[in-house]
Structure formats: C-alpha cells, structure tokens
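Trainee: let me see the structure of the following:
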Amino acid sequence: MSTLEDRVRAAFRADAETVLPDAVPGPPARPARSRPRRSRPRWVRFLIPLAAATAVAAVVVGVSMAVPELRGPGHRAGTPASSAPFSPVPKYPLPTSGPLPAPVLGAMASRGVPASAPAPGVPRNYVTNESIASTVNDQLAVRDTATGAVVGRISPPGDDLFASITAVAGDRTFVTAVTGHGCTDSRLYQFRLNDQGQPGPLEPLHVTVPGSISQIGGDLAITPDGRTIAYNAALCGRAENEVGVIDLATRQVATWAVPLDPRDNLATQVMGLSLSADGSLLGFETFSGARVLNTGAPGGSVFQRGRMISRTALWAALGASDATLYTCAVSPDTTPLPRTGGVTYAAAPLDGGQPKVIARRTGLPSPQCWASLDPSGGYLLVEYPVHGPYPLDAGYVRAGVLNLRTGRLTPTPAASFSGPEDIAW
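Mentor: All right, here's what the predicted structure looks like:
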C-alpha cells in the first residue's frame, strides 16, 4: 500500500473514532492496526484526494526542486483578508450531551512553563512532529535552523502518541501533548533544549486535557511567558469538540464548544490556535476563515463568541503586539483547493483596517498554508509547497524562514517532505 493510501485510510479511521454511534450509518469499521497513525488536520485531508487525482492524471517528465521566492511588500497582490461579522452558528447542530468536561490540574500541576527573553534574530532551533513520516515510531525532531540538520529526537512515553507542539519565548522550552491510542484524553509535557539544541527529558506538567489533541493541526498554543495554554480537543462520543484556555498561574480554566455539523464538516472544524501575548485573545481558524475570541467571554459556541477577521485565511496567528492577525490564503479560493495556485501572507489589523500584504507567490503545486510564528513576532517558519522527489508525488512542502518586515523567504537546508507537519520554534 502506498504512503498516500496509508495516510488517507488512517485519516478516515481516526475520524471514525470520534463519531457518535448513531450519528452516521455505515458499514463496520476496518480492524485497527496495532499502532494506528493519527489523522492530519481536516483541511489537509481535504487536499489528499485532490492531490491523488492530480498525480494520476498527470505525467511529469522533469521534477523541479528549485526554491520559490516569495516577493516582498512591494509586489502587488490581491486582498487576502477582510473584516466581516462572524459566521452564523452551523445550520444543523447535533444535540449536545451535558456540560463540557474541564481539564484536570493535578496537585503538582505546573504554575508556568519556563521562558526567557527571545534572542535577537531567527530562532536557532525548531521542532517538528515527524510521527506520520516515521516508519519506526512516533517522534519529535529538533532541527538546527541554519543547517536543517536533526540535532535530537524525542520519543513519547511508553506506547503513546505525540500530538501538537508549541513554544514559549527564548527558543529553549517547548510544550507538547501526548495521547493514547483511540479516543483518549491528552496529557501535557514540556522539554528544554541545551546550548547545542539537544532536547532534555519530557517533564509532565500534570495537566490532563479532555479529549484527543491532533497530531498535526496546530491544536496547542502557549503565551510567550509560559503562563497560559490553549488547546483544541476532539471529545469522544459527543456531538461537539472543545476549545479551552488554562491559566497555569491562577489555575483558572475557560472552555467553549465547537458544534459539529455532519452536513458541513469542514466549516465546523477548528485548527491553528494562537494566543495574544497577555492571553486575553485566542485566534483560531476553520475552513471558512479565521476568528479571534476574547478569552474572558462566557462559555458557549466558539462560532458565537469569536469575531471573524478573515474569510479567506487557511492559516492565522496572533502577533506579538496583540493588534495584528497574520494570515495565509490560497488563490484561487475554490472548493476543492486548486491543483496549482498561489499563497499570500498578510497582516490583518484586528481593528478592521486594511490588511497589508507581506509576501505572495503564484504557480505553486498543491498550494497550502502552514506556519509557526516565533514568540518575538519577527519571523514565520513557513511550510511552502514544492514538487515531490518523484513524478507522482503531491502535497510536498519545504520549511523556510519568512521575515515579516521585509517579506523575504530564506529556505532552510532541510530536505522537502510530505506535509505539512506540526512545527514550532
């Protein structure tokens, strides 16, 4: 079975684990593997069938490995973002089943994750979740930004699985979620890098999040000071998922429901969490756009509490100034996403002002958006589309550093890979 087929089947299998038994009739599930792979984010799974169709229909004689260059602010581009009221609540919400479960903070729960002042310039290291690409076991890989070389790897405890990853200020401390197989709760851990970028042991934060956090989807975020954590989790056996914010210092918790709509699944899936520096704002996106939610808002639906900032963004992150939402959109904006197209990174003011284009590139294969904003707010580590190493490959990306001031992209020396993968620095 090909790698592409493996990912598609694993994605459907992982989705099936969170469906209510009587919600969608269908044939019995296929037997699970002893180590099933976790699912990719919903929009990536939306791209995979398209990429497969493209690969079968096309015969590529020469494969280009040239590095695309993103043009800077002077390059004319369209309008990737627009201010608009939030979208209505999904039309066909399934019935809920009681109050949302709350995270559990143990007696030894961390009061904050260690952070330090960001070093000037580009962060020295970044971490990727390479579990899906691994043929041996789940793992996180620490890479040197300048060389692209792997300087260390981390394995999860026991037979568990790594989920999302995020970083605090200082380029040294990272937070990751670990889940079991099937539909289980998630546990939070931290690890620190030494002067050579090599990771130390996983240290439990003694915080358990209800539901499964995805392996790739940006379902974990933390403030630069390490005080506040946000998560997005799939709840087992319920008609809704959950977004939550945990203030580690005060042990205060807030949760909001993500109602699931079986008739419009893509539009009601949350991904790509980010927090403002003070933890007062939570950014997230769905396939229908990017929103910002005040973390002091009462419980309820994220679609009711969140304010739409961009209807075209497929990726977004709150900036360090708390006044900007960095976004990425694909063009043409079609469903399904185009086989060839462009990506546009922009800065959208939260006050409703005109978005400013940072960088834009057209003519990319299987265009997609995924990035990680460094805690200092000066750079994005983007995963931009490239051709795969073989003629039938689709959905390959390469990591590069995007300077938010100049709009210049500097590719990392690391090889391209089938992606995106969860990434943080």
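Trainee: mind listing the residues bridging to Ala167?
Mentor: Counting by DSSP bridges, Ala167 forms beta bridges with Phe174.
Trainee: isn't it up against Leu373?
Mentor: No - Ala167 lies out of contact with Leu373 (CB atoms under 8 Å); the separation is 9.9 Å. (Glycine included, C-beta is placed from N, CA and C.)
Trainee: okay, the two: which has more neighbours?
Mentor: Ala167 (29 against 23; other CB atoms under 10 Å).
Trainee: from Thr228, how far off is that one?
Mentor: 14 Å (CB to CB, to the nearest Å).
Trainee: got any residues that touch both of those two?
Mentor: Ile222 (CB atoms under 8 Å, 6 or more residues apart in numbering).
Trainee: what about this structure, any weak spots by pLDDT?
Mentor: 1-97, 131-137, 264-267, 391-394 (pLDDT under 70).
Trainee: could you rerun that using 80?
Mentor: Along the chain, the model assigns pLDDT under 80 to residues 1-98, 131-138, 171, 216, 261-268, 320-322, 335, 389-395.
Trainee: quick one: the helices in it?
Mentor: Assigned helices in the chain, in chain order: 3-16, 42-57, 302-305 (criterion: DSSP state H).
Trainee: strands of the stretch 201-350 of the chain, residue ranges please.
Mentor: With DSSP state E, counting those that start in this stretch as the criterion, the stretch 201-350 of the chain has strands at 203-209, 220-222, 228-233, 240-247, 252-259, 271-275, 281-286, 289-294, 307-310, 313-318, 324-331, 340-349.
Trainee: for stretch 317-335, list every residue counted as buried.
Mentor: Ala317, Leu318, Gly319, Ala320, Thr324, Leu325, Tyr326, Thr327, Cys328, Ala329, Val330, Ser331 (16 or more other CB atoms under 10 Å).
Trainee: what's near enough to touch the fourth one?
Mentor: Read it as Ala320. Ala320 touches Pro224, Ala277, Pro375, Ser376, Gly377, counting by CB under 8 Å, 6+ apart.
Trainee: what do you get for the second one?
Mentor: If you count contacts by CB under 8 Å, 6+ apart, Leu318 has them with Ser274, Leu275, Ser276, Leu281, Gly283, Val292, Thr324, Leu325, Tyr326.
Trainee: can you give me the distance of the second one to Phe284?
Mentor: What it means is Leu275. In terms of CB to CB, Leu275 sits 10 Å off from Phe284.
Trainee: state the distance from Thr128 to Ala117.
Mentor: Distance from Thr128 to Ala117, by CB to CB: 25 Å.
Trainee: these two - which one has more neighbours?
Mentor: Thr128 (27 against 10).
Trainee: hey, what's that one bridged with?
Mentor: Counting by DSSP bridges, the residues bridging with Thr128 are Ala141, Ile423.
Trainee: what do you get for Gly342?
Mentor: Beta-bridge partners of Gly342, as defined by DSSP bridges: Ser331.
Trainee: what is the burial count for Arg408?
Mentor: Neighbour number of Arg408 under other CB under 10 Å is 16.
Trainee: I meant to write Pro336 there.
Mentor: 11.
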